[in-house]
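1. could you look at this predicted model? Sequence included:
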Amino acid sequence: MSEKDPQRLHSFTEEMNTLFQNILSYSPLNLAPHELLVRFQEFLGLDDLNFSYFMILLHKKQSSGKSIKYKIYEGEADNSSSNGNLTTAYPVSNAPEELLQFLPVADYRGLLENAALYREQAKRASLWPQPMQAGLGSSIERKRYLAEKLNISESQVQLGPKGTDLFLNCDDENISLAEVQIMRAIEEVARGEWKEVVFSNVVSGETDKAMQAIWQKRARVADNHENLSYLDYVSQSQSLRLFKQIYQSYLPTFDATGALTIARMAPGGHAIFGISAIRAAFLEGERPEAKNSSSDGEGEDFDLVGVISNGEDLSGLPDPVMVGYMLQNRLPILMVTTEKTGVDLKGGQLALVKERDAENDLPSVTIIEKAQAEESGQLKLFEELGLRSGDRPAMFNTNMALFNYRELEGKMKKLISKVGMDGLLEIVAPDVIENWKTQKCDNGGTNKFLQLEGAMGSVLLNLDRYWREHFGGPIVNFINVDSYYRTNFFSPIKSAFDYFMQFHSDRFSFDKREMRIKNNRPESALSASLADPFYQDVSNVLEAFQNCSILGLDHLSIEGTVLLQGLTLRGKIKIISSTSTPQHLRKLLLSGQTCAHDDEGRPILENLTISIASDNTLKLH
């Protein structure tokens, strides 16, 4: 329904707000009559998960449940637990030693000492991966890239999620990252790492078609002699299953007057997938049965382990060591973090908070975000945490979470017996992120809309906070992966340069047996700042860095645009270009500079600042 049908839009919006105002007369909202809630849900056309999530966000907004305002702890002299309206958060990197005992974290490197034990435990796991493929990833422009890959015009390109739109080359075949994720899981089951794998598509209306197309492709597995599709191959397997999809709907927003509207519809953030995982612990039919039939016909219990992770991330699955550790120690929820590096200056990191109004004095865990640091005037401190001399490594959130349903089911039923199902959903409601957006109108003007969003980490840590307060201990545990092993579990593609680095450079290689990428220099993280919009386009980046070696590169900063084809970059490189169009840096070098060359004849640039004037004059210093 668009602005081109204003009468119909007005009528729909008016009726929607009448229903909403009727529901608002009840506090909390879930006390509204069942018939009224059902009518509102049917009117919006949302399934149970999305309607439940939308009501959670609305209730949190109406009860002023915005994100807590934090002040970041700055050291020993800063010993207060609050500062006016700000709550002191103690980052792992500089928290007092006595607080760290309340953070249940295992070091992944330490777990490897008992790898054989944990791998054996993992063999009884029914792994339920749910890579988040519901968003389009609009920060990466790829229409020209897809048109070239699919041999169609750009006007014919229909974007899917990054996982279906980006490819790697394996044996001269282009395979989408989403398909490689399926192939990897099939191979891991075949090697006996898991008892079985249960797949679920996590999609939206924009991405559903692209993911369904993957399942209709011929399965690229060694024993597929009948040329079965992935869908048919999985359906005939004793150790693979496809469970129902998890669907993220677009939700109404608020206009500038505070009224609900469908003039702009938007997803509500990835907190919905945390809500979905929690609901699966106590609602029938929301998770696959963790059972399969053995050869003698007897039922055999499996331990169902759900995994939520970034959809385009080939590293976004746990290994058997992680899963085995979780099962061995009977942990209900496990969040995976990684050691913060210079690449992670803007991302959320773990901190501890002293709960002044709790029934006991057990601190809770939270994630400090960049926006909160900006609000408290501590952005510089936030970015430096964990990277300063004397700091412990900071724990950076990866968005990977594991759910052990054998343990989680009983605990959620215990909680429901105490507070009821609506009470549980109120407990896990994420802190609301109020995201104002400007949208162009059909008449050429603009309107502002408020989107309500939430983060998955907030869902899990709000549950953990309540559990600590009322049951005396944590329900969420953590595995922290140090920087050396980081890319084994966390390699998101947030930019076109990330894609080039992982799949078209010498920094990474693809292991065909393991179906995962291998970092060829894991001891050092590469950070890049490419501010010009030119570098948002995949085709531009692949052309600009064609045959460019970045194995020895630590940091790259480019102001303006430049083409780096056929060069070897090492150390820290800063380029400032004032040219009107991208120039070939190698050609400029060959015409006026003397450089050393690598074994493949590429000029080597190491620890340099390079200036290119508007007349193509080159300066190296």
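-> Nice, thanks for sending it over. Numbers count the residues shown, from 1 in each chain.
2. do a quick rundown of the helices in the stretch 451-600 of the chain.
-> Listed in chain order, the helices of the stretch 451-600 of the chain (DSSP state H, counting those that start in this stretch) span 456-471, 496-503, 538-544, 585-592.
3. pick the most buried one from those.
-> helix 496-503 (a mean of 24; mean count of other CB atoms under 10 Å). Just so you know, the C-beta spots here come from the backbone N, C-alpha and C atoms, and that holds for glycine as well.
4. of all the helices of the stretch 451-600 of the chain, which one comes closest to Arg388?
-> Closest of the helices of the stretch 451-600 of the chain to Arg388 is helix 456-471, at 24.1 Å (criterion: CB to CB).
5. which residues outside the closest one are in contact with it?
-> Under the criterion CB atoms under 8 Å, 6 or more residues apart in numbering, residues 67, 270-271, 273-275, 278, 308, 333, 335, 348, 355, 358-360, 362-367, 397, 399, 401, 411, 415, 418, 427-431, 473-476 lie in contact with helix 456-471.
6. filter these down to the ones in strands?
-> Those of those mapping onto strands are Ile308, Ile333, Met335, Ser364, Val365, Thr366, Ile367, Asn397, Asn399, Ala401, Val476, per DSSP state E.
7. how close does the residue nearest to the last one when sequence neighbours are not counted get to Ala256?
-> Nearest residue to Val476 in three dimensions, chain neighbours excluded: Asp464, at 4.0 Å (CB to CB, 6 or more residues apart in numbering). With the distance defined as CB to CB, to the nearest Å, Asp464 ends up 36 Å from Ala256.
8. repeat that for Ile575.
-> Distance, Ile575 to Ala256, using CB to CB: 43 Å.
9. more crowded one of these two?
-> Taking neighbours as other CB atoms under 10 Å, Ile575 and Ala256 compare with Ile575 leading, 21 against 11.
10. who's in contact with that one?
-> Counted by CB under 8 Å, 6+ apart, Ile575 has contacts Leu556, Ser557, Ile558, Glu559, Gly560, Val562, Leu585, Thr609, Ile610, Ser611, Ile612.
11. hey, what's the fourth one bridged with?
-> To tie it back to what came earlier, the one meant is Glu559. Listed beta-bridge partners, Glu559: Ile576 (assigned using DSSP bridges).
12. tally of neighbours for it?
-> Glu559 has 15 neighbouring residues, counting by other CB under 10 Å.
13. same question, the last one
-> Counted with other CB under 10 Å, residues neighbouring Ile612 total 21.
14. next SSE after the helix or strand hosting Gln372?
-> With elements taken from DSSP states H and E, the one containing Gln372 is helix 370-375. Downstream of helix 370-375, the next assigned helix or strand under DSSP H and E is helix 379-384.
15. now do the buried residues in that following helix.
-> The neighbour-count check on helix 379-384 (16 or more other CB atoms under 10 Å) flags Leu379, Leu381, Phe382, Glu383 as buried.
16. ok, now stretch 547-561?
-> Residues Cys548, Ser549, Ile550, Gly552, Leu553, Asp554, His555, Leu556, Ile558, Gly560, Thr561 are the ones in stretch 547-561 that count as buried (16+ other CB under 10 Å).
17. hang on, the second one packs against Leu605?
-> In other words, Ser549. No: here Ser549 does not reach Leu605: they are 10.1 Å apart, not a contact under CB atoms under 8 Å.
18. return the strand or helix carrying Phe449 as CSV; C-alpha atoms alone will do.
-> Secondary structure from DSSP H and E places Phe449 in strand 446-453. What follows is strand 446-453, C-alpha atoms only, in CSV (Å, rounded to 0.1, in the frame of the first residue of the first chain):
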residue,chain,number,x,y,z
THR,A,446,10.5,13.9,2.9
ASN,A,447,9.0,12.5,6.0
LYS,A,448,10.6,11.3,9.2
PHE,A,449,9.7,7.9,10.7
LEU,A,450,10.7,6.2,14.0
GLN,A,451,11.7,2.5,13.7
LEU,A,452,11.7,0.4,16.9
GLU,A,453,14.6,-2.0,16.9
